[in-house]
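Chemist: Below are the sequence and a predicted model; questions follow.
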Amino acid sequence: MSNEHKSVEQKTTPRVAPRWFVRTVWGLHRRLYRITGGRIGLRRPKGKSWGTLRLTTTGCRTGCEHSVLLAYIEDGPDLLLLAMNGWADGEPAWLRNLREHPEACVDLVDGERTVRSHIAQGDERTRLWARWRELDAHLDDYAALRSTETAVVVLAPRPEPVPRS
């Protein structure tokens, strides 16, 4: 077979926006959400696209509420998050908060929900990572940019409300 007929797979490093740009976009997204009173900024996952939710956790050191807008997908009644920190190293603060205080609150397009979190392990993590990979074929390439494994966080619904301070 000649060289022109051989398919050569070239492994390229995925392109990630500079950290300053990512942080600026996140800040603008949060500001838009606040300015519109939550009318803009959240969306449901559709087809091959993830949704956006607002997660409110209890700070592991301060005990104060902290909110962040995150991408999510659904797995039955559960909501799935990737603790990717913009594909940079280190854990996002919201994950550290959930490790200490697994109960949290999420705001979705259709209302508020109380949840209890856990980090998927073993076969569960493998299955849920594959669900995310269905939305992004380059997910493994992005994850390889990090020196540690990216946590898959499961937010399971809770029937009772979480007391707010």
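Modeler: Thanks, I have it.

Chemist: In this protein, spot the strand with the most residues.
Modeler: strand 65-75 (DSSP state E).

Chemist: buried sites along the lengthiest helix in the chain?
Modeler: Among the segments of the chain that qualify as a helix by DSSP state H, the longest is helix 19-35. Using 16 or more other CB atoms under 10 Å as the test for burial, helix 19-35 gives Tyr33. Every residue, glycine included, has its C-beta placed from N, CA and C.

Chemist: Partner strands of the longest strand of the chain and their direction?
Modeler: Next to strand 65-75 in the sheet, as set by DSSP bridges, lie strand 51-58 (antiparallel), strand 78-83 (antiparallel).

Chemist: Now do that strand against helix 19-35, angle only.
Modeler: Relative orientation of strand 65-75 and helix 19-35, computed by axes from the mean of the first three to the mean of the last three CA atoms, to 10 degrees: 100 degrees.

Chemist: And the helices in the chain?
Modeler: Listed in chain order (using DSSP H), the helices of the chain are 19-35, 93-100, 122-133, 139-143.

Chemist: packing partners for the third one?
Modeler: Going back to what we said before, that points to helix 122-133. Secondary-structure packing of helix 122-133 (3 or more CB pairs under 8 Å, 6 or more residues apart in numbering; DSSP states H and E): strand 65-75, strand 78-83, helix 139-143, strand 151-157.

Chemist: Please identify the deepest-packed of those.
Modeler: Greatest average neighbour count among the helices and strands packed on helix 122-133 goes to strand 78-83 (a mean of 22), per mean count of other CB atoms under 10 Å.

Chemist: quick one: contacts of it?
Modeler: Contacting residues not belonging to strand 78-83 are listed as 53, 55, 70-74, 91-92, 94-95, 106, 115, 119, 128, 131-132, 150-157 [CB atoms under 8 Å, 6 or more residues apart in numbering].

Chemist: how about a cut-off of 7 Å?
Modeler: 53, 70, 72-73, 91-92, 95, 106, 115, 128, 131-132, 150-156 (CB atoms under 7 Å, 6 or more residues apart in numbering).

Chemist: other SSEs contacting the longest helix of the chain?
Modeler: Where contact means 3 or more CB pairs under 7 Å, 6 or more residues apart in numbering; DSSP states H and E, helix 19-35 is packed against strand 65-75.

Chemist: gap between the strand it packs on and the chain center?
Modeler: 6 Å (CA atoms, centre = their mean, to the nearest Å).

Chemist: Quick check: mean pLDDT of it?
Modeler: The average pLDDT within strand 65-75 is 94.

Chemist: and that strand with strand 151-157, angle?
Modeler: 90 degrees.
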